[in-house]
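Enquirer: Build me a model from this:
(one chain, ligands or ions: 2)
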Amino acid sequence: MMTTRSRVIAVVNQKGGVGKTTTAVNLAACFAASERSTLLIDMDPQGNASSAFGVVDVPRQVYDALIGRCVLKEAVQPTALSHLHLVPAGPDLVGAEIELVSAMSREQRLASALADSRESYDIVVVDCPPSLGLLTLNALTAADAILIPLQCEYYALEGLARLMETVTLVQRHLNPSLELQGIALTMVDMRNNLSRQVEAEVRSHFGDKVYRTRIPRNVRLSEAPSHGKPIILYDIHSRGATAYLRLAEEVLAGIGQGASRTPPQLAEPVESAPEVEISQAAVLESAIEESEIEATPALGAASAASLGSATDPMEADTLPELESEPERSSHGETNPLPRSFDREGPRG
Ligand SMILES: Nc1ncnc2c1ncn2[C@@H]1O[C@H](COP(=O)(O)OP(=O)(O)OP(=O)(O)O)[C@@H](O)[C@H]1O
Ligand SMILES: [Mg+2]
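Expert: Ligands and ions are numbered 1, 2, ... in the order given. Modelled structure (predicted):
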């Protein structure tokens with residue numbers, strides 16, 4: 001059922017191994033579990049988002065759609081989640097980067113390929129490769145917004161500044177309406193001092209564009225792809241599953257889809273927590289039932305816990321002190337990052 005305009009979100013960071021694919025795969029799965037019709041497009045020749053769903057060696061891939069050998073719909077694969085489709089990638093895609101260099105509108109290929117399909121989905125998630133080459137440019141040109149997974153390390157801010165410069169160029173020349181959806185902190189270890197410092201700095205520059213949910217370092221998240229499953233199907237009890245379910249809620253709220261398909265009591269704050277838990281758990285259970293994976297009472301409890309209130313003691317990854325708006329005025333003058341990305345209006 002289409003009740004909202006589709007939203008194309010590119011998961012991008014030119015730095016390798018920061019959690020782009022893990023974030024793209026698991027957010028897409030969580031959106032689908034909350035009954036948003038979702039398309040995940042793998043734009044990385046490494047094909048990690050495809051193998052994360054056990055999809056390898058299929059005849060049609062995103063490459064074929066980019067070079068015009070087929071339409072995007074023909075490359076769509078089903079997944080274990082009924083509301084989630086996948087356009088896979090493989091090593092062929094390296095060729096596209098070279099073959100398209102001299103082609104007309106070479107940065108618009110994905111946008112054109114997607115034009116026919118995007119209205120069939122509520123959300124399209126694009127997993128980008130670790131570079132700012134032609135494949136990423138195609139993703140940025142096709143997208144409404146970017147979501148940046150960020151690992152809080154020493155060079156994170158420099159990398160972020162460079163990414164933002166590229167985004168500004170794309171806005172100027174290729175896609176004026178491209179927005180910053182949000183920044184997600186990944187592989188977080190709160191015992192690490194440097195990590196906390198970098199986080200504070202990122203929050204002071206980007207304010208409420210930084211999601212409150214932090215994705216913790218969690219071994220279950222790194223195991224899931226080798227089983228061909230997103231974390232909510234691999235281990236719903238894990239901290240990784242809890243975190244991605246929460247992050248998905250934040251992203252949905254930010255694109256105005258937060259309450260569109262959930263009962264009215266969801267709009268209420270803390271008091272209605274029990275109803276929220278029941279309804280969300282039911283949604284998740286039914287999604288998982290549809291995907292032929294046994295739903296147990298424990299699953300319901302886990303998903304309910306994962307969607308509980310922010311005061312949930314389990315939630316060590318969303319610290320109360322971050323509830324207040326970070327101090328920003330003193331950073332306004334020295335912010336090296338494009339102003340247009342400082343505030344895009346409320347995220348939700
Ligand atoms: N929160 C996490 N906890 C533990 N391991 C993680 C987490 N997030 C990602 N990983 C692992 O870290 C590695 C890199 O993650 P991922 O593939 O998502 O990064 P990426 O940015 O897509 O990498 P690339 O730039 O190569 O595409 C993978 O082995 C993944 O399983
Ligand atoms: Mg990746």
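Enquirer: I figured residue 162 was touching residue 14, is that so?
Expert: Yes. Between residue 162 and residue 14 there is a contact under CB atoms under 8 Å: 7.1 Å. For every residue, glycine as well, the C-beta is placed using N, CA and C.
Enquirer: hey, where'd the strands end up in this protein?
Expert: 7-11, 38-42, 77-78, 84-87, 123-127, 145-151, 179-186 (DSSP state E).
Enquirer: Looking at residue 162 and residue 14 now, which is surrounded by more residues?
Expert: A count of neighbours by other CB atoms under 10 Å puts residue 14 above the other of residue 162 and residue 14, at 18 against 13.
Enquirer: In contact with the more buried one, which residues?
Expert: 130, 131, 132, 136, 159, 162, 163, 166 (CB atoms under 8 Å, 6 or more residues apart in numbering).
Enquirer: Among these, which are located in helices?
Expert: Counting by DSSP state H, the contacts of residue 14 place 136, 159, 162, 163, 166 in helices.
Enquirer: Go through the residues you listed and give me the one with the most neighbours.
Expert: residue 136 (26 neighbours).
Enquirer: Excluding covalently adjacent residues, which one is nearest to that one?
Expert: Leaving out its chain neighbours, the residue that sits closest to residue 136 by CB to CB, 6 or more residues apart in numbering is residue 128, at 4.8 Å.
Enquirer: Quick one, grab the pLDDT at the one you found.
Expert: pLDDT, residue 128: 98.
Enquirer: quick one: contacts for it?
Expert: 10, 11, 12, 13, 20, 43, 44, 135, 136, 139.
Enquirer: okay if I get these as JSON lines plus distance to ligand 2 and pLDDT?
Expert: Formatted as JSON lines, the contacts of residue 128 follow (distance: CB to the ion, whole Å; pLDDT from 0 to 100):
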{"residue": "10", "distance to ligand 2": "12", "pLDDT": "98"}
{"residue": "11", "distance to ligand 2": "9", "pLDDT": "98"}
{"residue": "12", "distance to ligand 2": "10", "pLDDT": "98"}
{"residue": "13", "distance to ligand 2": "9", "pLDDT": "97"}
{"residue": "20", "distance to ligand 2": "5", "pLDDT": "98"}
{"residue": "43", "distance to ligand 2": "10", "pLDDT": "98"}
{"residue": "44", "distance to ligand 2": "5", "pLDDT": "97"}
{"residue": "135", "distance to ligand 2": "12", "pLDDT": "96"}
{"residue": "136", "distance to ligand 2": "11", "pLDDT": "97"}
{"residue": "139", "distance to ligand 2": "12", "pLDDT": "98"}
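Enquirer: give me the subset of the residues you listed touching ligand 1.
Expert: Applying CB under 6 Å from any ligand atom to the contacts of residue 128, one finds that 20, 44 fall near ligand 1.
Enquirer: which one of the contacts of residue 128 is nearest residue 251?
Expert: Using CB to CB, residue 11 is the member of the contacts of residue 128 that sits closest to residue 251, with 10.6 Å.
Enquirer: residues near that closest one, how many?
Expert: The burial count for residue 11: 28, using other CB under 10 Å.
Enquirer: Could you pull up the contacting residues of it?
Expert: By CB under 8 Å, 6+ apart, the contact set of residue 11 is 20-21, 23-24, 27, 125-128, 146-149.
Enquirer: Throw the residues you listed into a markdown table and include distance to residue 80, thanks.
Expert: Shown next, in a markdown table, are the contacts of residue 11 (distance: CB to CB, whole Å):
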| residue | distance to residue 80 |
| --- | --- |
| 20 | 21 |
| 21 | 17 |
| 23 | 19 |
| 24 | 16 |
| 27 | 16 |
| 125 | 16 |
| 126 | 20 |
| 127 | 18 |
| 128 | 23 |
| 146 | 27 |
| 147 | 23 |
| 148 | 27 |
| 149 | 23 |
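Enquirer: where does the protein come near ligand 2, residue by residue?
Expert: Residues of the chain lying near ligand 2 by CB under 5 Å from the ion: 20, 21, 48.
Enquirer: Now do the first one against residue 125, distance only.
Expert: By that I understand residue 20. 11 Å (CB to CB, to the nearest Å).
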